[in-house]
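J.: Sequence and predicted model, in that order:
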Amino acid sequence: MSAPIQPDAPPAIRVGETTITESEVAREMQHHRAGDPRVAREQAARALVVRELLRLEIERLDIGAVAQPKDGETREEASIRTLLEREAPATQPDAEACRRYFEHNRERLRRPDRVRGRHILLAAAPGDAGARAQARELGERLIDDLRRAPERFTEFAMRHSACPSRNNGGDLGWIEPGDTTPEFERQVFLLSPGLAGLTVESRWGHHVVHVDEVVRGEPLALEEAMPRVQAYLETHARQHAIHDYLQDLALRHQVQGLPGAMVTP
């Protein structure tokens, strides 16, 4: 019987004279969860390479001697911030650039949507798979009953809901982004008016949801949108400046063994 074929070991990762070991990559992988272990390894390896590149530049330019921590920063964080501010400054968008972005993205620059609705919270702890399955099954039964008798929503809320809103028939009033749990909002803001055909799952359990009304946010005027546009363009420019700087550092310090591009924009 022939011996099983062993997978090739990944190439050694080096940044200048520094070798990043597989044990270091494995420890870093816990901070880069992904469905594919290869993707997690690549992300972890890239993060370690970036960290080493910045460390080498901080040392080469003696940034640690001038960096002043602020707002609770560690010395390392202050050194990285100072390095990037000095070596990778981002251009500030001018008024014309902001105006062009506004004209091409009017549909995205709107006031927040609002949803008025009711819910029945069937509570279950995040780690209790059995309780969450039972909550979902109960929610599906309630949805079937409400399709036949929608007037019973208040009754079901008062009987089954674990939310204080049960005393008001499950009424949540008007909801805007940021008012409730993010994963609940992400799903509710996609619903059309009426009874949701499936339960909405959140960290608190499963929700039976009825959307009473949806009001789509109106487009912003240029003056209202300008702070948002400027902040977006500043962030975009900063990301590209850092991306280009890291690519230059990768060439200067001769990064080897890193799969794919050095960094993603």
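T.: Alright, I've got the coordinates.
J.: Count the neighbours of Ala157 for me.
T.: Other residues within reach of Ala157, judged by other CB atoms under 10 Å, total 24. In short, each C-beta sits where N, CA and C put it, glycine included.
J.: wait, isn't it in contact with Arg118?
T.: Yes: in this structure, Ala157 sits in contact with Arg118. The criterion is CB atoms under 8 Å, and the distance is 6.9 Å.
J.: how distant is stretch 125-145 from the center of its chain?
T.: Relative to its chain's centre, stretch 125-145 lies at 27 Å (CA atoms, centre = their mean, to the nearest Å).
J.: just use 25 as the starting number from now, easier for me
T.: With the count now opening at 25, the last piece we talked about shows up as stretch 149-169.
J.: Only alpha carbons, please: show it as CSV.
T.: Provided in CSV are the C-alpha atoms of stretch 149-169 (Å, rounded to 0.1, in the frame of the first residue of the first chain):
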residue,chain,number,x,y,z
ALA,A,149,-30.6,32.2,25.1
PRO,A,150,-28.0,32.5,22.2
GLY,A,151,-26.2,29.3,23.2
ASP,A,152,-29.3,27.2,23.9
ALA,A,153,-29.9,25.4,20.5
GLY,A,154,-32.9,23.4,21.8
ALA,A,155,-34.7,26.5,23.2
ARG,A,156,-34.1,28.4,20.0
ALA,A,157,-35.5,25.6,17.9
GLN,A,158,-38.6,25.5,20.1
ALA,A,159,-39.0,29.3,19.9
ARG,A,160,-38.8,29.1,16.1
GLU,A,161,-41.4,26.3,15.9
LEU,A,162,-43.7,28.2,18.2
GLY,A,163,-43.2,31.3,16.1
GLU,A,164,-44.1,29.4,12.9
ARG,A,165,-47.3,28.1,14.6
LEU,A,166,-48.3,31.6,15.7
ILE,A,167,-47.7,32.9,12.1
ASP,A,168,-49.9,30.2,10.7
ASP,A,169,-52.6,31.1,13.2
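J.: ok, and for it, which residues are buried?
T.: Taking 16 or more other CB atoms under 10 Å as the neighbour-count basis, stretch 149-169 is seen to contain the buried residues Ala155, Arg156, Ala159, Arg160, Leu162, Gly163, Leu166, Ile167.
J.: Would you convert the residues you listed into CSV that also reports distance to Arg75, secondary structure and pLDDT?
T.: Output for the buried residues of stretch 149-169, formatted as CSV (distance: CB to CB, whole Å; DSSP: H, G, I helix; E, B strand; the rest coil; pLDDT from 0 to 100):
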residue, distance to Arg75, secondary structure, pLDDT
Ala155, 41, helix, 95
Arg156, 38, helix, 94
Ala159, 42, helix, 96
Arg160, 42, helix, 96
Leu162, 48, helix, 97
Gly163, 45, helix, 97
Leu166, 51, helix, 97
Ile167, 49, helix, 97
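J.: one step back: could you name every residue contacting both of Ala181 and Arg142?
T.: Ser189, Gly193, Gly194 (CB atoms under 8 Å, 6 or more residues apart in numbering).
J.: So which of the residues you listed wins on neighbours?
T.: The member of the shared contacts of Ala181 and Arg142 that has the most neighbours, counting by other CB under 10 Å, is Gly194 with 24 neighbours.
J.: any idea which of the buried residues of stretch 149-169 is closest to Glu209?
T.: Gly163 (18.1 Å; CB to CB).
J.: wait, isn't that closest one in contact with Ile144?
T.: Yes: taking contacts as CB under 8 Å, Gly163 lies within contact range of Ile144: 7.5 Å.
J.: what's the overlap in contacts for these two?
T.: What both Gly163 and Ile144 touch, as defined by CB under 8 Å, 6+ apart, is the set His231, Val232.
J.: residue ranges with poor pLDDT in the stretch 175-289 of the chain?
T.: Across the stretch 175-289 of the chain, residues meeting the criterion (pLDDT under 70) sit at 283-289.
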